[in-house]
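Peer 1: kindly generate the corresponding structure for this input.
(one chain, ligands or ions: 1)
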Amino acid sequence: MDIAIVGSGYVGLVTGVCLAHIGHHVICCDNNEEKIKVLKSGGVPIYEPGLNELLAKYRKSKRIVFTTSIAEAAKKATVIFIAVGTPSKKNGDADLTYIENVAREVARNMDSYKLLVEKSTVPAQTGNRIERTIRLNLPKNSTLEFDVASNPEFLREGSAVEDFMHPDRVVLGVSSKRAERLLREVYKPLKANIVVTNVATAEMIKHASNSFLATKISFINSVAQICERVGADVEKVAEGMGYDKRIGRSFLNTGIGYGGSCFPKDVDAFVRLAEKSGYDFSILKSVRQVNEDQKKSFIRLIEDKLWNIKDKTIAVWGLAFKANTDDMRSAASLTIIEALQAEGASIQAYDPVAMDNAKKMIKGVKFCEDAYAAVKDADCLLLLTEWDEFRKVDFTKVRDTMSQTVIFDGRNFLDHDALGAFGFECYGIGRGKHA
Ligand code: UDX
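Peer 2: Residues are numbered from 1 along each chain as shown. So this is what the prediction gives:
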């Protein structure tokens, strides 16, 4: 099939490349000329495992092409996915300006039946608004038909290609048999579980899924707080809970709170949506509060153990909001580094792939070429992202390089007992002190 994707960010690009991989012809569109230039000339503007190789293959065979023109994309394809950004406004609402622009542009350039599919996370009812915008912008007296559908994306950064190719489910929110038939055709090669429903329900499935996962994280982070106080080990608690099939072990990793481009924004948007519909979503408000508190309590732990922060040299391993991505959006590292800098600490940081993005967002940090350079003469080390590489480090070298061998492990990622035996003082989350 000929498919257009409007918006070539994480979701749009991965979706486009994967749709090409399963046999479709894809035209990816973005209004950022620089990004399209990079994509056309063989570059990839984001780091995502596996994406580069697939992109190179299908760019060469022209199964995927790029443009800055929505008109061109809309003319070429029958199915048009909308994957543009929906940033949060100050009041927590999602800013849907880009979505409206796409709907308007597509309508003005329509010459045959089109199916517009929301891929971005949008508040329930956005489907109705897109439909209305198209009607208002179709050429006068037009009899052209169109459908609007919702097909929320559940892929995770860092494993996005894998997630796309092997989804737990594909959700299709449709309002006509024609739209359902077309979308089933798009996803046929994946042989996935398909849930077909109406547009508003599909939008709600996305809200509820992301918010539920965020709730699991805040729940275990709250449990970790209590574990810390009563001398229990949250890792064992999570293991013990996780064997219960009704609960499951995933998303019970305690840490410095969730970040990224989705959870913080999606939780905000769901709270707002509930408010507007007259419901006080108090559980989700607490989820958000716990997430903020988690960073603060990590900072308090450092202040407590390090005594004075002023003039201390603090090493940071990991800046990205999670491992296997270069994404710094809403990364916990930003809040933590900023707070320690405000108290007069010097920060020496290293991240395997996120440093270029980090440099644009944090000032006054010494960015180091590897994990060893970051710990040189440091008074303590903070592990903020769970990159595999940090488990393979030679800790003898680290011990000999650091000024004080104190580690704050914000992800409970390192082997605290082994490091303790090796002379490190290690502090994790919800586990008490392991020295
Ligand atoms: C998330 C959803 O998982 C995905 O379905 C949706 O399409 C987009 O949002 P993503 O933001 O890429 O994906 O990352 P995810 O792996 O879900 O992690 C989100 C944040 O939660 C990260 O900061 C991560 O470190 C944190 N997290 C995750 C925890 O703190 N504990 C966990 O157990 C899991």
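Peer 1: could you use CA atoms for every contact and neighbour count after this?
Peer 2: Will do.
Peer 1: quick one: residues contacting residue 235.
Peer 2: Counting by CA atoms under 8 Å, 6 or more residues apart in numbering, residue 235 makes contact with 253-254, 430-431.
Peer 1: also within reach of the ligand: list those from these.
Peer 2: 253-254 (CA under 6 Å from any ligand atom).
Peer 1: any idea which of the contacts of residue 235 is closest to the ligand?
Peer 2: Checking the contacts of residue 235 against the ligand by CA to the nearest ligand atom gives residue 253 as the nearest, at 3.4 Å.
Peer 1: could you verify my assumption that that closest one touches residue 220?
Peer 2: Yes: here residue 253 reaches residue 220: they are 7.1 Å apart, a contact under CA atoms under 8 Å.
Peer 1: find residues that contact each of the two.
Peer 2: residue 238.
Peer 1: so residue 320 touches residue 354, yeah?
Peer 2: Yes: counting by CA under 8 Å, residue 354 is a contact partner of residue 320 at 5.6 Å.
Peer 1: between those two, who's got more neighbours?
Peer 2: A direct count of neighbours by other CA atoms under 10 Å for residue 320 and residue 354 places residue 320 higher, at 30 against 20.
Peer 1: is it fair to say the more buried one lies in a strand?
Peer 2: No: checked against DSSP: H, G, I helix; E, B strand; the rest coil, residue 320 lies outside a strand; its state is coil.
Peer 1: for it, give me the backbone phi and psi.
Peer 2: phi -60, psi 160 (degrees, to the nearest 10).
Peer 1: show the contacting residues for it.
Peer 2: 326-328, 331, 333, 351, 354, 358, 385.
Peer 1: what's the closest of the residues you listed to residue 104?
Peer 2: Of all the contacts of residue 320, residue 104 sits closest to residue 327, with 30.3 Å by CA to CA.
Peer 1: tell me which element residue 49 is part of?
Peer 2: Using DSSP states H and E, residue 49 maps to neither a helix nor a strand.
Peer 1: sorry, back to before: which of the contacts of residue 235 are buried?
Peer 2: 253-254, 430-431 (16 or more other CA atoms under 10 Å).
Peer 1: so which of those residues sit within strands?
Peer 2: The strands, defined by DSSP state E, take in nothing from the buried ones among the contacts of residue 235.
Peer 1: out of the residues you listed, which two sit at the greatest distance?
Peer 2: It's 253 and 431 that sit farthest apart of those, by CA to CA, at 12.6 Å.
Peer 1: could you find the closest non-adjacent residue to residue 74?
Peer 2: With sequence-adjacent residues excluded and distances taken as CA to CA, 6 or more residues apart in numbering, residue 74 is closest to residue 106, at 5.9 Å.
Peer 1: report the contact partners of that neighbour.
Peer 2: 70-71, 74, 134.
Peer 1: go again using 7 Å as the cut-off
Peer 2: Listed by CA atoms under 7 Å, 6 or more residues apart in numbering, the contact set of residue 106 reads 70-71, 74.
Peer 1: which bits of the stretch 51-200 of the chain sit near the ligand?
Peer 2: Residues of the stretch 51-200 of the chain lying near the ligand (CA under 6 Å from any ligand atom): 153-157.
Peer 1: rewinding a little: tell me which of the buried ones among the contacts of residue 235 is nearest to residue 46?
Peer 2: Once CA to CA is applied, the member of the buried ones among the contacts of residue 235 that ends up nearest residue 46 is residue 253, at 25.8 Å.
Peer 1: measure the closest one to residue 342 for me?
Peer 2: 29 Å (CA to CA, to the nearest Å).
Peer 1: what of residue 300?
Peer 2: 14 Å.
Peer 1: same deal with residue 136?
Peer 2: For residue 136 relative to residue 342 (CA to CA), the value is 51 Å.
Peer 1: now do the same contact list for residue 357.
Peer 2: By CA under 7 Å, 6+ apart, the residues touching residue 357 are 326, 328.
Peer 1: what helix or strand is it on?
Peer 2: Under the criterion of DSSP H and E, residue 357 resides in helix 355-361.
Peer 1: could you list the paired strands of the helix or strand just after that helix along with their orientation?
Peer 2: Next helix or strand after helix 355-361 toward the C-terminus (DSSP H and E): strand 366-367. Neighbouring strands of strand 366-367 in its sheet, by DSSP bridges, are strand 346-350 (parallel).
Peer 1: extract the C-alpha set from the strand it pairs with and format it as CSV.
Peer 2: Extracted C-alpha coordinates of strand 346-350, given in CSV (Å, rounded to 0.1, in the frame of the first residue of the first chain):
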residue,chain,number,x,y,z
SER,A,346,30.9,20.6,40.0
ILE,A,347,29.5,18.0,37.7
GLN,A,348,31.5,15.6,35.5
ALA,A,349,29.2,13.6,33.3
TYR,A,350,29.3,10.8,30.8
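Peer 1: what about the buried ones among the contacts of residue 235, which are in helices?
Peer 2: Judged by DSSP state H, helices contain none of the buried ones among the contacts of residue 235.
Peer 1: max pairwise distance over the residues of the stretch 51-200 of the chain next to the ligand: which two?
Peer 2: Farthest apart among these - using CA to CA - are 153 and 157, which lie 11.5 Å from each other.
Peer 1: which one of those two has more residues nearby?
Peer 2: Shown here are residue 153 and residue 157; by other CA under 10 Å, residue 157 has more neighbours (24 against 21).
Peer 1: name the nearest residue to the more buried one, ignoring sequence neighbours.
Peer 2: residue 325 is the one closest to residue 157 (CA to CA, 6+ apart), at 6.3 Å.
Peer 1: so residue 14 versus residue 51, what's the distance?
Peer 2: In this view, residue 14 and residue 51 are 7 Å apart by CA to CA.
Peer 1: nope, residue 233 is what I was after
Peer 2: Distance, residue 233 to residue 51, by CA to CA: 38 Å.
Peer 1: for residue 401, same thing?
Peer 2: Residue 401 is 37 Å from residue 51, by CA to CA.
Peer 1: same thing with residue 235?
Peer 2: Counting by CA to CA - residue 235 and residue 51 are separated by 33 Å.
Peer 1: do the same with residue 282
Peer 2: For residue 282, the distance to residue 51 - CA to CA - is 39 Å.
Peer 1: of these two, who's got more company?
Peer 2: For residue 282 versus residue 51, neighbours defined as other CA under 10 Å are more numerous around residue 51 (19 against 11).
Peer 1: just read off the phi/psi values of that one.
Peer 2: phi -70, psi -40.
Peer 1: state the distance from residue 121 to residue 283.
Peer 2: 21 Å.
Peer 1: out of these two, which sits in the more crowded spot?
Peer 2: residue 121 (27 against 11).
Peer 1: tally of neighbours for the residue lying closest to that one once chain neighbours are set aside?
Peer 2: In space, and not counting its chain neighbours, residue 121 is closest to residue 152: 6.6 Å by CA to CA, 6+ apart. Residue 152 has 23 neighbours, counted by other CA under 10 Å.
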